[in-house]
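[1] predicted model, plus sequence, below.
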Amino acid sequence: MILSLLSTQTAEPADGSPQFAEQVRRGDRTAWDRLVGDEHSRLFNLHLRLTGDREAAADLTQETFATAYQSARGFAGNGSPRAWLYGVALNLGRNWLRREGRREPPDAASDDLPDPQPTAEEVALLSERRELVVAAVRKLPEIYRRAVAMRYFAGLTAVEIAQDEGVEPGTVRWRLHQANKQLWALLQPSLGEENDNGSGHGELQIAP
Amino acid sequence: MDRGTENFKSPLDEVLEGLPEEQPPADLKDRCIAALDVPTARVVRLAWMQVMRNVAAAAAVLILVAGVYNVGIAPSFTRAREKSRQTVSDSPAREMHSAQSAMMAEEPEEPRPEVVTGLVAGSRPRVVSRLGLEPSAAPEAPPYLRDGVVSVYQTERAGDETATRHSAWNDELTETLRDPTVRGISIRGPEGEADVADEVRMVQAPGAPEDVEAVHAGRYATSLPGEDRVMRSVTEGETDPWRDLSGERQVSYHKEMELEVAKVEQAHQRVREIVSKRGGYIASDQVRIQEDSPDSARLTIRLPIDAYEDAIEDLKELGEVVRLVGESVDRTHEYYTRGAEVREMADREADLLRKYEDETNAQKKRRLKQQLDALRAQLHAQKDLLERLSEETHWPVLELTLTEAVGPSAWMSRSLENSVNALAWVGATAVIWLPAVVIVTLFWRRRTS
């Protein structure tokens, strides 16, 4: 206990603390090394899910940290540094898609789309066929893809996303709601095919 | 990670949150840390094909730059110049604000909000309910009322004196409103008896004495008795939503638009001008100007329902529309149902109030007060809901994103596309100009020989 009193090493600020945010904003190298250590894997997976290319995902991860570090002063410091970092990542991802010549999916009119209502079996099936789900996310219009990526791939809250995007939390929830509707519209036909090909998940199974 | 309570749940959460993560390359962390040391790190490897494509695009653009300029760019500059000239002259609201600002005694530290057609941009169209008896003791008042002078008048109980006092108020209010520093007037009941005052009104219409006349001419129905008796702004003919019996459709709109613009800063300034001109306001605003990434701006804009579509058309002209999505929800039934509920609760409140005043037994009086307080709490809640609903239907939201056109390759691609279009146009009209060129050339050669 006495040794701990003598220790001059100050405790590192917690990830979500204003002190950490300020360190990130000032370009404090220790804070940034820690940010890289904590987030590089999740950032890699975010880019991988959106690009489908491991090499591109690794390059984009590197570029995200480099770009964010160079423009750390641009981080206002009043939100989560993680949210800001993922915002930079998604901007770079979008630019990469445009350089690759990938056309943005057309904005589907989602007014008439039903709310997702998967059965437990369908949820289990989707959990197994993750490539289906990821492919559907990539087909979303950019604004919804971004909301889904920040919420589900980056693990940010609606408030953090709203702070970074500069919109109301209600708008973020509306976007997520629209995104889920469109995802369900994209996934449901695939589930219908699974159930029709005798995979054993359909309700009508005639025992031999 | 603890995501907390987000009030958003979806049946697909389990699927999306449960996606397994892949292991990144073993050296990725070291590469990322090393990338922090590179001052102008450009670590994305360009395929050699992409490099060749960019070089070829650059060469094609250089060759065709004269045709592009004549066909595509020069008319755009001309249109832009015309638009910029129009901007200066099409903003009477801004001229009004400039004149008003010039009349102010001193500049406040905070930027003074623009006054557009009597409403204060940046604030809600409704006015605040309560002000203190002294101008300085108004902590709940919004900044625009603190900056100016607030006059407060007290009423007596309704009775024979009311008519006389109204007449006296009329002249005094008219004179007070002529003072440009006065931003609002609050009229409260006698101190301690605000809930039984005859009328509580607030007028927010600087320099509009005719609106005061309208108020006293009974344009607005008698206020609901109760603690919060707030009148809407007298401008634009707004009424409380619970008094709206027009039966008009109430639809809430929510749109998102992304524009790709040449210069985000300039476009951002133009957006503010357009919004102001259309009588709207900017609820939130975030601009990012960064060296190593495209500039961007995100604005949450609220516009009057009558000007919503026109304002969107104006904004579209600032750049290329990358995305425009929207949703509309018909809230008509909900709107009028809630209004009827508020009126019904107000009637019950008035009835309870009469019983409370007439009751002499202390115990019964206490019980009536409890019922009255409970009813008023419900009434406040209903009115809040209805006001929010009214705001959604009368002031729809536009989420606008401005992004800078991405990098030289995108500009080159676009220029190349324009060049191809120009060449196609030249080719298509060749049947007209080619024979003429041939004839003129032959004629000229014959003359010179």
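    The structure has been received and is ready for your questions. Predicted model, so just to flag it, every value in this text is computed and none were measured.
[2] contacts, neighbours, all on C-alpha from now
    Fine.
[3] which residues of the stretch 201-350 of chain B fall in strands?
    Counting by DSSP state E, counting those that start in this stretch, the stretch 201-350 of chain B has strands at residues B:202-203, B:251-261, B:281-288, B:296-302, B:320-330.
[4] quick one: residues contacting the closest residue in space to residue B:242 that isn't next to it in sequence.
    Closest residue in space to residue B:242, ignoring its immediate chain neighbours: residue B:339 at 4.0 Å, by CA to CA, 6 or more residues apart in numbering or on different chains. Going by CA atoms under 8 Å, 6 or more residues apart in numbering or on different chains, residue B:339 touches B:241, B:242, B:243, B:244, B:386.
[5] switch to 7 Å and redo it
    B:241, B:242, B:243 (CA atoms under 7 Å, 6 or more residues apart in numbering or on different chains).
[6] re earlier: can you tell me which of the strands of the stretch 201-350 of chain B is most buried?
    Sort those by mean neighbour count, taking mean count of other CA atoms under 10 Å in any protein chain shown, and strand B:202-203 sits at the top with a mean of 24.
[7] max-length helix in chain A?
    The helix that spans the most residues within chain A, counting by DSSP state H, is helix A:169-196.
[8] do the same with chain B
    Counting by DSSP H, the longest helix found in chain B is helix B:362-394.
[9] that helix close to chain A?
    No: applying CA under 7 Å from any CA of the partner chain, one finds helix B:362-394 separated from chain A by no less than 12.6 Å.
[10] for that helix, give the mean pLDDT please.
    Mean per-residue pLDDT for helix B:362-394: 86.
[11] beyond it, next helix or strand please.
    For helix B:362-394, the following helix or strand on the C-terminal side (DSSP states H and E) is strand B:397-404.
[12] so residue B:329 makes contact with residue B:251?
    Yes: taking CA atoms under 7 Å as the definition, residue B:329 is a contact partner of residue B:251 at 5.5 Å.
[13] closest to the centroid, which residue in chain A?
    What sits nearest the mean C-alpha location of chain A, by CA atoms, centre = their mean, is residue A:149, with 2.3 Å.
[14] which residues touch that one?
    residue A:46.
[15] can you list the low-confidence ranges for the chain?
    All of this refers to chain A. A:1-16, A:76-78, A:101-112, A:192-208 (pLDDT under 70).
[16] that's the other chain; I wanted chain B
    B:1-8, B:38-239, B:290-293, B:406-415, B:417-418.
[17] could I get the strands of the stretch 201-350 of chain B as JSON lines with distance to residue A:140?
    JSON lines is the format used below for these (distance: least, CA to CA, whole Å):
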{"stretch": "strand B:202-203", "distance to residue A:140": "48"}
{"stretch": "strand B:251-261", "distance to residue A:140": "15"}
{"stretch": "strand B:281-288", "distance to residue A:140": "25"}
{"stretch": "strand B:296-302", "distance to residue A:140": "21"}
{"stretch": "strand B:320-330", "distance to residue A:140": "13"}
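[18] returning to that earlier point: hang on, the residue nearest to the centre of chain A in a helix?
    Yes: counting by DSSP: H, G, I helix; E, B strand; the rest coil, residue A:149 is part of a helix.
[19] endpoint to endpoint, stretch B:421-439 covers what distance?
    27 Å (CA to CA, to the nearest Å).
[20] just the buried residues of that stretch, please?
    Using 16 or more other CA atoms under 10 Å in any protein chain shown as the burial criterion, the residues of stretch B:421-439 that qualify are B:422, B:423.
[21] show me which residues of chain A sit near chain B.
    Going by CA under 7 Å from any CA, the residues of chain A near chain B are A:33, A:36-37, A:40-41, A:44-45, A:58-60, A:62-63, A:65-67, A:69, A:71, A:74, A:107, A:111, A:116-118, A:123, A:126-127, A:130, A:152, A:156-158, A:166-167, A:173.
[22] I'd like to know which of those are buried.
    A:33, A:36, A:40-41, A:44-45, A:58-60, A:62-63, A:65-67, A:69, A:71, A:74, A:107, A:116, A:123, A:126-127, A:130, A:152, A:156-158, A:166-167, A:173.
[23] in strands only, show me those residues.
    With strands taken from DSSP state E, there is no overlap with those.
[24] just the ones in helices from these, please.
    Among those, DSSP H puts A:33, A:36, A:40-41, A:44-45, A:58-60, A:62-63, A:65-67, A:69, A:123, A:126-127, A:130, A:158, A:173 in helices.
[25] which ones are touching the closest residue to residue B:304 other than its chain neighbours?
    Using CA to CA, 6+ apart and skipping the chain neighbours, the partner closest in space to residue B:304 is residue B:395 (4.8 Å). Contact analysis of residue B:395 by CA under 7 Å, 6+ apart lists B:302, B:303, B:304, B:305.
[26] most surrounded residue in the residues you listed?
    Using other CA atoms under 10 Å in any protein chain shown as the neighbour criterion, residue B:302 leads those with 25 neighbours.
[27] for that one, name its beta-bridge partners.
    residue B:281, residue B:397 (DSSP bridges).
[28] was I right to think it contacts residue B:281?
    Yes: with contact defined as CA under 7 Å, residue B:302 reaches residue B:281; the gap is 5.5 Å.
[29] mind saving the C-alpha coords of the strand or helix carrying residue A:91 as CSV?
    Element membership of residue A:91 [criterion: DSSP H and E] is helix A:81-99. Listed next in CSV are the C-alpha coordinates belonging to helix A:81-99 (Å, rounded to 0.1, in the frame of the first residue of the first chain):
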residue,chain,number,x,y,z
PRO,A,81,-13.3,9.9,-29.5
ARG,A,82,-14.3,6.4,-30.6
ALA,A,83,-17.4,7.8,-32.4
TRP,A,84,-15.3,10.4,-34.1
LEU,A,85,-12.7,7.8,-35.1
TYR,A,86,-15.4,5.5,-36.6
GLY,A,87,-16.8,8.6,-38.4
VAL,A,88,-13.4,9.1,-40.0
ALA,A,89,-13.3,5.4,-40.9
LEU,A,90,-16.6,5.4,-42.6
ASN,A,91,-15.7,8.5,-44.6
LEU,A,92,-12.6,6.8,-45.8
GLY,A,93,-14.5,3.7,-46.5
ARG,A,94,-17.0,5.6,-48.6
ASN,A,95,-14.2,7.3,-50.5
TRP,A,96,-12.6,3.9,-51.2
LEU,A,97,-15.9,2.6,-52.6
ARG,A,98,-16.2,5.5,-54.9
ARG,A,99,-12.6,5.2,-56.1
